[in-house]
Each structure stands twice: as structure tokens, then as C-alpha cells.
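J.: Pasted the sequence and its predicted model underneath.
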Amino acid sequence: MNLTRWILFCAVLFAISISTTNCSGSKDQPNDDEQMVGEGDDDDTTTNCEESYSHELSAPTEEVDLSSFELTWVDEFDYDDSKLEEIWASQNGLAGHILCSRWRENAVIENGVLELKAKKEQRGGQDWTCGNIWTKETFGYGYYECKYKYAGASGTNNSFWLFPRDQTINSPEVICELDVNEGHFPNEVNTNRHHWQNGNTENNQLQYSEGLSPAYAHSFNESVKTNRIRFSSNNSTHFHIREFRIYEQNTNCYPTGLLSNTADNSVTGLTNLSRESDTEITASGVLRDEFKVSAVADGTSTTSWVSQKEGEKWLEFTWPEEKNIGHIQFINGWLSGSNWNSLISDYKIEAFVDGDWVEITTYDVEESNNFAEDYHVYGMDWSEDQVKFYYDNKLIRSIPNTLCKSELNIFLSLAILEHGGEVTDAIDGTSMKIDWVKYYKRK
């Protein structure tokens, strides 16, 4: 195939569909067994399989019911910046383990929006400054919500949380912290609860991300003839690839139960080129030596290659001679209970054709779910017995409330953290933008 024809072919494959059906007409659902898929064209160079599909995670459906609550406190920031201190206090100085000092000058009201700004400037012993404010008033059980946008760069922590400002995490008594959302660009929501005592706490974080999947699949109805395939990602930190399957063209189509360890045996005629004896697999690096690159083709999703933290992360598959590739699929992230964590935000798959790398498929969650461009509402129902977390008014998590019984201050904070992603100069000038924050008391 010449390069011009190849480019025209690739243009058809640009889109990913999160809810696309498989060859047999049913969607891939969590924990489905592998199944046979429909017959394709009998021709040995073309098939008629589903082009793109993914493992579909369950979406939240339960909505918050505010009929049993009464709105008793709200700040819409519809006043001059000079009046901020009437309701809020501001941190001025160092801020523990984070990579920025925080100052009142970084919390600015402009056109009815509170901006917590990140600046690259040496102040307070740090190379960055940010903003952090908390209410002078304390609040108890009730429903809390805040509408805001993330700062548009990796490495930022965009937080709406509750904590007792007159106490410290080093108290000999248990101190409660409730994190409605510690958001990471572009679309990661993190809920958390801490029981601090003598500077220590349990880790109770749970992630939720819109638009991402633990597994993706792409079929090429006209086979890709190449001896090299390259997968790459600009994900902001390290990530797991648990299995990477490259199937030779097959008229019976390809596996649709993407998380199965028996995918290679689920459809008649499959040849997984990733696991062939003459396949060479290389990678950009590893987080630690025990995360071998060979784990991406060992036939089990219980092991994984884990990339390095910074820079472009890539996998490359090479064969001594050209192969006719009909399908590629992979599993990423890691599973805790029923929750998938650390799902990659973007990827690109290329084939080496006629002496050049040619893109055959790509995905970037920023194009559909960029929380720095769009406002979202983060909510929490705190009662004597439980804590329930909401994203855009939909329930995403419930946990028992065992120790959080005392009134707390409301915090709005921007921080720079290594675990929020790679820290680069792209952070400079970004801001967390808050439209409003509300508190409802139960009737």
C-alpha cells in the first residue's frame, strides 16, 4: 500500500466510540465472559468487524435529592475582591508537603468568579505560589456543593474539602478531613476521608474519571501490513499496561470481553502476535525493575508493565518480517475492589509503513472531558452515619461515617503536587476557577 492510500485509510479510523457495539451486536460489559463474534468477509485481506470499542464501566445513576435540605449558606463571589476577608481567611506562607507556598494575592475575585492562581515565582522558600482559603464559619452535617473548573495543567490539585482550621493533623485526638474532590487535570475526581492522629492517617482515596476505560479495542477492516507497532502516551504520570494484544487479521473478528485472561482462545483462528516467539518488545522505561515490559504479553492481566513517571511513555513491538495486522486491544490501569484506578488520559498507536511511522488510531480525553474548560459540580452529603460523594449531582461513592462528628471549616485550595502529574512550566498562569459554593442543612 502506498503512503497516500494509507493516509486516506487512516483518516477513516480517527474516532473512538466509548459505547460502540461489538461484532455480535451487544456492548462489552464489565465481567462478561468472552464470546464468539460474527463471521466476517471471506476475503483474506478485508474483514467486516467492529472498528472501535471499549470496556464500558458502569455510570452513576442515583441523583441527589435536595428536597430534604434547606439552603442556609452560599457564596457566589459576586462582590469586590477586597471583601473576600469578610467571609474567608487566607493562608500566607508555607504549606507542608506541597510544592508551592500560598498567599492571599493568589486568591482573586474577578467578574463573579474566585480564581486561585498558580504562579512560577520564588516566594516562601518554594518555586511556585498558589491560593488557599477557608471559611471563618464552621459547618456540621448537611449537603455541600461547589461548582468549579480545574487549573489546566498536570501537577495541580484542585480541592474542595472540609477540615477544622483551629486544629492540626498532629493532634493526639482524631481529627477529621473530608475531601469532596481533590481534582487532577484533565478529568480525575478524587474523593477522600482522613482520620488524622499524631500526624498519621489511613488512605481512603477513591478515583472517578469520565470518558476513560480500562480497555480499548481497534479493528482494521483492511489489514495493516507492518513489522513494527508503536503505542505511546503523554499521560501526566506513570501508568500500568496489563495486556497488549496484536492480532493477525482474522475473518471471525476479535475478542470483545476485553478484560478476560482467555481472550486469545475466545474466537476461532486468532493469532496474538504480541506473544509470538519472534516478537521483540521494548519500552521507554520502567517505574521499578520488577515491572517488566514482558508482562504486557504474558497472557494475564494480573501483571503489568509500569512506565516511568515523566516524558513520553511508549511500547514498541517488532517482528523479523511484515505481518498482516487486523486488530489491536489493550488493558490499562489497576483494579481495587470494583474500581479501576490510574486510567491513561491519552494514547496513540502507530505502524511503521514505507519507512515512516503512520498513526492508525488515537484518543485524548481532553477532547471530550476537559475539566479546565467546563464547570462541574462536586457535592457531599455528610450525615451522622455516612458520607456520600456526588459528581454533577450523581452519586459516585458512599462510605460509613465513624469518626467525623464535629463541625468543620470549608476549604478551597489550589496546590502543586507530584502525585497530581508531571510538574512543568505549563502550570504558570493557570487557575482553579470557582463559580459558587453552597451549604444545605437537613430539614
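T.: Structure's in. What do you need? Residues are numbered from 1 along each chain as shown.
J.: Return the set of residues that bridge with Arg245.
T.: Judged by DSSP bridges, the bridge partners of Arg245 are Gln329.
J.: again with Lys120
T.: Under DSSP bridges, the beta-bridge partners of Lys120 are Trp128.
J.: same check, this time on Lys313
T.: Ser233.
J.: What does the pLDDT read for it?
T.: pLDDT recorded at Lys313 is 95.
J.: Quick check: it touching Ser236?
T.: No. Using CB atoms under 8 Å, Lys313 makes no contact with Ser236, being 10.4 Å away. C-betas here are computed from N, CA, C, even on glycine.
J.: where does the stretch 301-443 of the chain dip in pLDDT?
T.: Nowhere does the stretch 301-443 of the chain drop to pLDDT under 70.
J.: those strands in it, which residues are they?
T.: In the stretch 301-443 of the chain, the segments counted as strands under DSSP state E, counting those that start in this stretch are 305-306, 313-332, 334-336, 339-341, 346-353, 356-364, 376-382, 386-391, 394-400, 408-416, 431-442.
J.: Dump the ones you listed to CSV, plus mean neighbour count and distance to Ala297.
T.: Below are the strands of the stretch 301-443 of the chain laid out as CSV (neighbours: other CB atoms under 10 Å; distance: least, CB to CB, whole Å):
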stretch, mean neighbour count, distance to Ala297
strand 305-306, 24, 9
strand 313-332, 20, 8
strand 334-336, 14, 18
strand 339-341, 18, 21
strand 346-353, 20, 15
strand 356-364, 18, 19
strand 376-382, 22, 38
strand 386-391, 20, 36
strand 394-400, 15, 34
strand 408-416, 24, 37
strand 431-442, 20, 41
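J.: closest to Val296 out of those?
T.: Of all the strands of the stretch 301-443 of the chain, it is strand 305-306 that lies closest to Val296, at 4.9 Å by CB to CB.
J.: where exactly do the strands run in the stretch 1-150 of the chain?
T.: Using DSSP E, counting those that start in this stretch, the strands found in the stretch 1-150 of the chain span residues 52-54, 69-75, 88-90, 101-102, 107-110, 113-117, 119-123, 126-130, 132-139, 142-149.
J.: Single out the most deeply packed of those.
T.: Per residue and on average, the most neighbours among the strands of the stretch 1-150 of the chain fall to strand 101-102, with a mean of 25 (mean count of other CB atoms under 10 Å).
J.: average model confidence for that strand?
T.: For strand 101-102, mean pLDDT rounds to 96.
J.: before we move on, what about stretch 273-293?
T.: So the average pLDDT for stretch 273-293 ends up being 97.
J.: So what's the gap between it and the chain middle?
T.: Put simply, stretch 273-293 sits 24 Å off its chain's centre (CA atoms, centre = their mean, to the nearest Å).
J.: tell me the contacts of Ser338?
T.: Counting by CB atoms under 8 Å, 6 or more residues apart in numbering, Ser338 makes contact with nothing.
J.: From Leu206, how far out is it?
T.: 11 Å (CB to CB, to the nearest Å).
J.: again, but for Gly257
T.: Distance of Gly257 to Leu206, computed by CB to CB: 25 Å.
J.: Show me which of the two is the more surrounded one.
T.: Neighbour count, other CB atoms under 10 Å: between Gly257 and Leu206, Gly257 has more, with 20 against 17.
J.: Can you classify the more buried one by secondary structure?
T.: Under DSSP: H, G, I helix; E, B strand; the rest coil, the three-state class of Gly257 is coil.
J.: ok, now which ones touch the nearest residue to Ser345 once chain neighbours are set aside?
T.: In this structure, Ser345 finds its nearest non-sequential neighbour in Val365, 4.8 Å apart by CB to CB, 6 or more residues apart in numbering. Contact analysis of Val365 by CB under 8 Å, 6+ apart lists Pro186, Asn187, Ser209, Gly211, Leu212, Ser345, Asp346.
J.: tally of neighbours for the third one?
T.: Yep, that's Ser209 we're talking about. 23.
J.: What separation do you get for Phe411 and Thr129?
T.: Distance from Phe411 to Thr129, by CB to CB: 17 Å.
J.: What of Ala351?
T.: Relative to Thr129, Ala351 is positioned 46 Å away (CB to CB).
J.: and if you look at Ile98?
T.: To Thr129, Ile98 is 11 Å away according to CB to CB.
J.: got the contact list for Gly183?
T.: For Gly183, the contacting residues are Tyr150, Asn157, Asn158, Ser159, Val189, Asn190, Phe371, Tyr378, by CB under 8 Å, 6+ apart.
J.: By neighbour count, which of those residues wins?
T.: Ranking the contacts of Gly183 using other CB under 10 Å puts Asn158 first, with 30 neighbours.
J.: correct me, but it touches Pro186?
T.: No. Look at Asn158 against Pro186 with CB under 8 Å: they stay out of range, at 11.1 Å.
J.: any shared contact partners between those two?
T.: Common neighbours of Asn158 and Pro186 (CB under 8 Å, 6+ apart) are Tyr150.
J.: looking at the strands of the stretch 301-443 of the chain, which is closest to Asn272?
T.: Of all the strands of the stretch 301-443 of the chain, strand 313-332 comes closest under CB to CB, at 9.8 Å.
J.: Tell me how far the closest one lies from the chain's centre.
T.: Distance of strand 313-332 from the chain centroid (CA atoms, centre = their mean) equals 24 Å.
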